[in-house]
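Colleague: Whatever this is, show me its structure:
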Amino acid sequence: MKLSQFTDLLQANPEKPFHLVLPGQTTVPVSYHITEVGHVTKRFIDCGGKLHTTQSCQLQAWVSTDSDHRFLAGKMASVLNMSKAKGVLPDGEDLDVEIEYEDTTISQYTIADYALTDSAIVLSLGSKHTDCLAKESCLPKLPMMGAEAACCGGSSACC
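Modeller: Numbering: from 1, shown residues only. Reported below is the predicted structural model:
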């Protein structure tokens, strides 16, 4: 989900809490709140030598010990607006929104879908996956024939 769509959804439903549903349908406890809004830029090189840059708006969800705590959509919208005003989020760029959450490990999720109920905004989170971005230059064209098979442009180390 893009930041503009997320902000519009929050602003249209300011009195509703928003619930987070993890892949596998586990729900983040409703006492969570967003502790950080970040602009994350990742610059990297793939195993084929090509440079890449990705950017996202990352929201960190943290579960509070206060079981009565509720983080409403209107407050989240105002925090996002403040983040833009203070230069944390870039003006004019519609970033993907990602949720960072710690269950047994710290994980990052996309917002795959949402639903509106009478009482809440329900955000369904999606898993992120790794991939080789240089398959055409990294992976061999012929089936590998033992440990000597070349990968990653002929180097002895495989990706």
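Colleague: C-alpha only now, for contacts and for neighbours.
Modeller: Will do.
Colleague: pLDDT (mean, whole number) over stretch 60-68?
Modeller: In this model, stretch 60-68 carries a mean pLDDT of 85.
Colleague: for it, how far is the first residue from the last?
Modeller: Stretch 60-68 has an end-to-end distance of 19 Å (C-alpha to C-alpha, to the nearest Å).
Colleague: ok, and what's touching it?
Modeller: 28-37, 99-102 (C-alpha atoms under 8 Å, 6 or more residues apart in numbering).
Colleague: what sits opposite residue 121 in the beta ladder?
Modeller: Residues in a beta bridge with residue 121, per DSSP bridges, are residue 18, residue 116.
Colleague: Sorry, slip of the keys, the one I care about is residue 58.
Modeller: Counting by DSSP bridges, residue 58 is bridged to residue 38, residue 98.
Colleague: Measure how buried it is and give me the count.
Modeller: Using other C-alpha atoms under 10 Å, residue 58 has 21 neighbouring residues.
Colleague: Same check on residue 72?
Modeller: As a burial measure, residue 72 scores 19 neighbours (other C-alpha under 10 Å).
Colleague: ok, it - contacts?
Modeller: 14-18.
Colleague: out of those, which is most surrounded?
Modeller: residue 18 (24 neighbours).
Colleague: How much space separates the spatially most central residue of the chain from residue 78?
Modeller: Nearest to the mean C-alpha position of the chain, by C-alpha atoms, centre = their mean, lies residue 98 at 2.3 Å. When distance is defined by C-alpha to C-alpha, residue 98 is 18 Å away from residue 78.
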